[in-house]
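> A predicted structure for the sequence below; I have some questions about it.
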Amino acid sequence: RDLPLIMGIETSCDETGVGLVRGCELLGDEVASSVEQHVRFGGVVPEVASRAHLEAMVPTVHRALDSAGAKLSDVDAIAVTAGPGLAGALLVGVSAAKAYALALGKPLYGVNHLVGHVAVDQLEHGPLPKPAIALLVSGGHTSLLLVRDVATDVQSLGDTVDDAAGEAYDKVARLLGLPYPGGPHIDRAAREGDPRSIRFPRGKWGDGTYDFSFSGLKTAVARWVEDGERNGSDLSVPDIAAAFQESVADVLTRKAVDACVEHGVGSLVISGGVAANSRIRALAEQRCAEAGVELRVPRPRLCTDNGAMIAALGAEVVAAGLPPSTLDLATDTSLPI
Ligand code: KG4
Ligand code: ZN
């Protein structure tokens, strides 16, 4: 009860998220998604996302407060995603957060969306071990982070040099004629396929970095499909999906566990929308067990974009005694870690 009640606001992509958190306790978490409005375009349309955030913002705040049994006046501080993300989308959340902070006379904290994806694990598994390695895999990002303190000391070890992991899933799904967003569809199709039926390349495998690359893999799948169509051979979507997924899961989990071993870190957090992937989870479990590393994967609802992750990070920032943002807080579409 002594801990401050933090309201977190997230609008970096197509989810309007509002979360209420006290320390590691999740009290409210409401998400309004505009994903259906983007399906026919095969990807998020920024202008459409911004308008949807504007419409959803206030109702989502009130739904989150209701579900937490709290009133606006109970909120002690407001945390908001300042970046990275879509410019217009971020502006809606930051403007709303400033208005709430000003109206309530409560401090405002602009935080990093990527670090929020790591902080959210505390709501599921309790305080994060220090240090931890975090693998962040979503539609927009693929990052490996060394997290000594989630509020004050997060270091990037590696990133994708081209497509994000989720982007690769979405592009390959499109090649296979599966709907957007493609990740869950590939995951499902792969269950009926044989991952060893095709050997697709492993981008940046064993290159001595913690960077990732998925565009070569995507091209290899495209070529496989083209060749198959030209030769009139029977293309097995489940086999292609399984082999593609195996390549992604293999590289991601190998590098993440290697980072734990190299840095002597005993805990790995995997978060972001792609963390819902069944093969990534299974392979990470196996490799973490072999390396004696504890694996922490938040439930899918917390892995995808939401406001609770921003509130969870806000709670840590407040606890660390960092200064609040001023009302001229700027958004940054490529905010660094
Ligand atoms: O974190 P998220 O909800 O939004 C972003 O910040 O990007 O991640 C969305 C991404 C999409 O690319 C989607 O295809 C992927 O996560 N995804 C999956 C699965 N579920 C969602 N990818 C692989 N396997 C899944 N089961
Ligand atoms: Zn995200």
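Everything's here; your move. Ligands and ions are numbered 1, 2, ... in the order given.
> Please report phi then psi for Gly93.
phi -70, psi -40 (degrees, to the nearest 10).
> What sits closest to it if chain neighbours are left out?
Using C-beta to C-beta, 6 or more residues apart in numbering and skipping residues adjacent in sequence, the residue nearest Gly93 is Thr11, 3.2 Å away. Where you see a C-beta, it was placed from the backbone N, CA and C, and this is true even at glycine.
> Ser95 is in contact with the one you found, correct?
No: between Thr11 and Ser95 there is no contact under C-beta atoms under 8 Å: 9.5 Å.
> Counting neighbours around each, name which of those two comes out higher.
The neighbour comparison of Thr11 against Ser95 (other C-beta atoms under 10 Å) goes to Thr11, with 36 against 17.
> how much space between the more buried one and His185?
Distance of Thr11 to His185, computed by C-beta to C-beta, to the nearest Å: 26 Å.
> Nearest spatial neighbour of Phe212, chain-adjacent residues omitted?
Closest to Phe212 by C-beta to C-beta, 6+ apart is Thr160, at 4.5 Å.
> Now for that neighbour, how many residues are close by?
22.
> I'd like to know how far it sits from Val225.
Counting by C-beta to C-beta - Thr160 and Val225 are separated by 23 Å.
> just Ala249 next, same as before
Remark: distance between Ala249 and Val225 (C-beta to C-beta) = 20 Å.
> So if I had to pick from these two, which one is more boxed in?
Higher neighbour count among Ala249 and Val225: Ala249, with 23 against 17, using other C-beta under 10 Å.
> about what we covered before: can you check which residues contact both of Thr11 and Ser95?
With C-beta atoms under 8 Å, 6 or more residues apart in numbering applied, the contact sets of Thr11 and Ser95 do not overlap.
> For Leu108, which residues are in contact?
77-80, 97-98, 101, 324-327, 329.
> Ramachandran angles for it?
Torsion angles, degrees, to the nearest 10, at Leu108: phi -110, psi 140.
> Please report how far it lies from ligand 1.
Separation of Leu108 from ligand 1 (C-beta to the nearest ligand atom, to the nearest Å): 23 Å.
> again with Ala220
To ligand 1, Ala220 is 18 Å away according to C-beta to the nearest ligand atom.
> Counting by contacts, list what the helix or strand containing that residue packs against.
Ala220 belongs to helix 215-231 when assigned by DSSP states H and E. Other elements packing on helix 215-231 under the criterion 3 or more C-beta pairs under 8 Å, 6 or more residues apart in numbering; DSSP states H and E are helix 165-175, helix 237-262.
> re the thing from before, any idea which of the contacts of Leu108 has the most stuff around it?
Ala79 leads those on contacts (other C-beta under 10 Å) with 33 neighbours.
> Contact partners for the residue nearest to that residue when sequence neighbours are not counted?
Nearest residue to Ala79, sequence neighbours excluded (C-beta to C-beta, 6+ apart): Gly314, at 2.6 Å. Contacts for Gly314 (C-beta under 8 Å, 6+ apart) come out as 6, 8, 21, 77-79, 109, 111.
> and what of Thr142?
136, 159-160, 164-165, 212, 214, 252.
> Arg148 versus the closest residue to Val118 other than its chain neighbours, what's the distance?
In space, Val118 comes closest to Ala134 once its chain neighbours are excluded; the distance is 4.3 Å by C-beta to C-beta, 6+ apart. Relative to Arg148, Ala134 is positioned 11 Å away (C-beta to C-beta).
> out of those two, which sits in the busier spot?
Applying other C-beta under 10 Å to Ala134 and Arg148 shows that Ala134 carries more neighbours, namely 30 against 13.
> which SS state does that one fall under?
In three-state terms, and counting by DSSP: H, G, I helix; E, B strand; the rest coil, Ala134 is strand.
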